[in-house]
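1. Could you work out the structure for the sequence below:
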Amino acid sequence: MDKVIERIRQSASTHRSDLDELLRVPSISSNPENKADMETAAKWLLTRMQKLGIRSEIIPTPGHSIVYGEHLEAEGAPTILVYGHYDVQPVDPLELWDTPPFEPSEREGAVFARGSSDDKGQLLIHLFAAQEILAETGGLPVNLKFLLEGEEEVGSPNLKPFIEANIDKLACDAVVVSDTSFFSRDVPSMLYGLRGLSYVEVIVRGPALDLHSGEFGGAVANPADALARMIAALHDDDRRIAIPGFYDKVRELEGREREAFASLPYDEAAYKKDLGVEALEGEAGFTTLEQLWARPTLEVNGIWGGFSGEGAKTVLPAEAGAKISCRLVPDQNPDEISDLLEKRLRELAPAGVRLEFIRHHGGNPFLAEPDNVFVKAGARAINKAFGKMPVLVRGGGSVPVTETFQSLLGVPCVMMGVGLPDDRLHSPNEKFDLKQFHKGIEAAAWFLHEAGEVK
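-> Take a look at the predicted model:
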């Protein structure tokens, strides 16, 4: 392994330029006009794996393609499946980017580009690790499979059906995912839990057309006003979600977890400063980390209705709408939560309006067993690359495929994300710290070595 690690370090500039190549591809899965770019990114990954002697293929889906590869020459060794996604979020608002989002720019020790941390850079650490091990030793210490999708940023609608139809093809001993972040630069961490998601849209319709607010205001139900009142009623004064049954299946935090969270070097003042807020708001009775990692939420992600241009227009809008996401914790179910939310909104809708409820996508919460041998192998790998044993934490976001792998394949999911909390995921000026990138490749190589030792 010493020679492998030295080879990784000597290849740093090549890894960096290869990362830039993939980052220049605007693989935005939600934009139909980027369909060709999605295929370009898939073919780039296919070609890279084929050059390494990894048997690879592009598998079409009803949406964007899956890139699959396998190197199965380590007889008797465990099989590891690496998951990642090559699609990225839209870049809007473009004017807030300091440099063009698909022209990688290096500054402050990081590469700035859309997809740099989420997830192209983190995906590539595993590919580059395999590349350097193969170049140095001619083989791998494990049997290795890659499953790289192009629809994670739109809810992975075709991934679960693909996994269900290919259980034997994807059979493995563990899945490794790098699509998350360290607790901080100086505190390496590994996630053992993620929140699930229910994402919906509600449209409130009133009159058949926009009306003059002077001629009709006060006598006709205003959809924008009705929607605002409905949304306001979804929380109580303690910021608990005021939907009957919402908390019925919430698995409460264990005492040891609360103690572990409290022991972390969390600086709330710095957190507020970084966010540019003077105060935090959350469910009463829980710390900020508990609120972020282990409590469910309901948040308005977008709201619209009526006139919002310059100047004034005295209009009573014909309709108003909002997009709402609920982050879920074990053992909540996204379909059940969507049902409860729809029922409550319909109860809150005043007379004179009609409600349309649209379900977009969702995912189950994920909770791993921290004592699993492959999770421990991941912890040893991070320790060897970064010089510190990682702490075990939960995450507030959602990677729905983690629970899918765990339930359908019956194997542990090892979360080895090496991003940083300030990587600005989904925001302008997304970045990936280059030290994390290069050390991440070393950690990925160490993980393959450590996983190969698991009996």
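2. Can you get me a residue count around the closest residue to Val67 other than its chain neighbours?
-> Leaving aside its chain neighbours, Val67 sits nearest to Leu148 (4.2 Å; criterion: CB to CB, 6 or more residues apart in numbering). In short, each C-beta sits where N, CA and C put it, glycine included. Other residues near Leu148 number 28, with proximity taken as other CB atoms under 10 Å.
3. what does Glu254 give?
-> Glu254, neighbours per other CB under 10 Å, totals 10.
4. A helix includes Leu298, no?
-> No: per DSSP: H, G, I helix; E, B strand; the rest coil, Leu298 lies outside any helix segment and is strand.
5. Surely it and Ile324 touch.
-> Yes: counting by CB atoms under 8 Å, Leu298 does reach Ile324; the two are 6.5 Å apart.
6. what touches both of those two?
-> Taking CB atoms under 8 Å, 6 or more residues apart in numbering as the criterion, Leu298 and Ile324 both touch Leu341.
7. Helix, strand, or coil at the residue nearest to Val67?
-> Under three-state DSSP, Leu148 comes out as strand.
8. Now do the contacts for it.
-> Counting by CB under 8 Å, 6+ apart, the residues that Leu148 touches are 42, 45, 66-68, 83-86, 123.
9. Over to Ile125?
-> Applying CB under 8 Å, 6+ apart to Ile125 gives the contacts 178, 418, 437, 440-441, 443-444.
10. Distance check, it against Val204.
-> 46 Å (CB to CB, to the nearest Å).
11. do the same with Asn383
-> On the measure of CB to CB, Asn383 and Val204 end up 53 Å apart.
12. Between the two, which is the more surrounded one?
-> Ranked by neighbour count (other CB under 10 Å), Asn383 and Val204 place Val204 first, with 27 against 16.
13. do you know how far the more buried one is from Asn301?
-> On the measure of CB to CB, Val204 and Asn301 end up 16 Å apart.
14. do Met49 as well
-> Met49 is 36 Å from Asn301, by CB to CB.
15. Check Asp433 too.
-> In this structure, Asp433 and Asn301 are 27 Å apart, going by CB to CB.
16. For these two, work out which one has more neighbours and name it.
-> It is Asp433, of Asp433 and Asn301, that has more neighbours when counted by other CB under 10 Å, with 23 against 11.
17. Isn't that one up against Ala110?
-> Yes: counting by CB under 8 Å, Asp433 does reach Ala110; the two are 4.8 Å apart.
18. what about Glu356, which SS state?
-> strand.
19. Could you point out which residue ranges in the chain have low pLDDT?
-> For the chain, no stretch is flagged by pLDDT under 70.
20. which other helices and strands contact whichever helix in the chain runs longest?
-> Longest helix of the chain, by residue count under DSSP state H: helix 434-452. Contacting helix 434-452 under the criterion 3 or more CB pairs under 8 Å, 6 or more residues apart in numbering; DSSP states H and E are the following elements: helix 2-10, helix 12-23, strand 79-85, strand 110-112, helix 121-137, helix 373-386.
21. And the helices in the chain?
-> 2-10, 12-23, 35-51, 121-137, 159-165, 213-216, 223-232, 255-262, 268-275, 288-294, 334-348, 373-386, 401-408, 434-452.
22. mind listing what's buried in the shortest one?
-> Judged by neighbour count (16 or more other CB atoms under 10 Å), helix 213-216 contains these buried residues: Ser213.
23. And the contacts of it?
-> 207, 314-316.
24. switch the cut-off to 6 Å
-> 314-316 (CB atoms under 6 Å, 6 or more residues apart in numbering).
25. Which ones among those map onto strands?
-> 315-316 (DSSP state E).
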